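A.B. asks: with the input below, show me the fold.
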Amino acid sequence: MFNQLIHTPIGWLNIKASDKGVVAIEFNADQAASQKMNTVTQQCFEQLSEYFTSVRKVFSVPLDMQGTAFQHQVWLALEQIDFGLTCSYTDIAVGVGSPKAVRAVGAANGRNPVPIIVPCHRVIGRSGKLTGYAGGIDTKAWLLTHEGANFIFK
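C.D. replies: Numbers count the residues shown, from 1 in each chain. Purely as a prediction, here's the structure:
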């Protein structure tokens, strides 16, 4: 397993990768943690840097995410949400062919191991209000504001 730290406007992130792709991005990383980088972590570092400086809107770094078939379905749907746009959990549930699985979609969204790149922050409540986020609601609001998305905060 490889890892590389990156300092961003939302704090320190830890990029974790295998030889195949990014496995996880962790919020609130310990900036003193040791690093063992590879080409995947370096590519992710560069693309995240570009995202946070408003140069990049779409990521192309390879991913190596572990999860169930349903989780992968949801994560693939999340990747289809364009920069600056939002959708609801219901929209995702309908999109994956399981309109009654809104709660399961929420659970899969919450287990997304690669936030920002797989943009789970772009999923908000049907009313337009922000819902939970692994990095915290303030982080979710920052990311959506950075992208110019419309939402209701608090």
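
A.B. asks: correct me, but Thr86 touches Pro119?
C.D. replies: No. Judged on C-beta atoms under 8 Å, Thr86 makes no contact with Pro119 at a distance of 9.5 Å. Heads up, the C-betas are built off the backbone N, CA and C, glycines and all.

A.B. asks: so which residues of the chain form helices?
C.D. replies: 39-52, 69-79, 89-95, 102-110, 137-147 (DSSP state H).

A.B. asks: export those to TSV and append columns for distance to Phe2.
C.D. replies: As requested, those are exported to TSV (distance: least, C-beta to C-beta, whole Å):
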stretch	distance to Phe2
helix 39-52	5
helix 69-79	21
helix 89-95	30
helix 102-110	25
helix 137-147	24
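
A.B. asks: quick one: closest of these to Pro62.
C.D. replies: helix 39-52 (6.5 Å; C-beta to C-beta).

A.B. asks: next, the buried residues of the closest one.
C.D. replies: Val40, Thr41, Gln43, Cys44, Phe45, Gln47, Leu48, Tyr51, Phe52 (16 or more other C-beta atoms under 10 Å).

A.B. asks: state the number of residues packed around Gln73.
C.D. replies: 19 (other C-beta atoms under 10 Å).

A.B. asks: state the phi and psi torsions of the residue lying closest to Glu50 once chain neighbours are set aside.
C.D. replies: Nearest non-adjacent residue to Glu50, counting by C-beta to C-beta, 6 or more residues apart in numbering: Arg56, 3.6 Å away. Main-chain dihedrals, Arg56, degrees, to the nearest 10: phi -110, psi 140.

A.B. asks: now Arg56: how far from Ile92?
C.D. replies: 23 Å (C-beta to C-beta, to the nearest Å).

A.B. asks: what of Val102?
C.D. replies: Taken as C-beta to C-beta, the span from Val102 to Ile92 is 8 Å.

A.B. asks: thinking again about what came up before, between Arg56 and Ile92, which is the more surrounded one?
C.D. replies: Ile92 (25 against 15).

A.B. asks: Provide a list of residues in contact with the more buried one.
C.D. replies: Val74, Ala77, Leu78, Val105, Asn109, Val123 (C-beta atoms under 8 Å, 6 or more residues apart in numbering).
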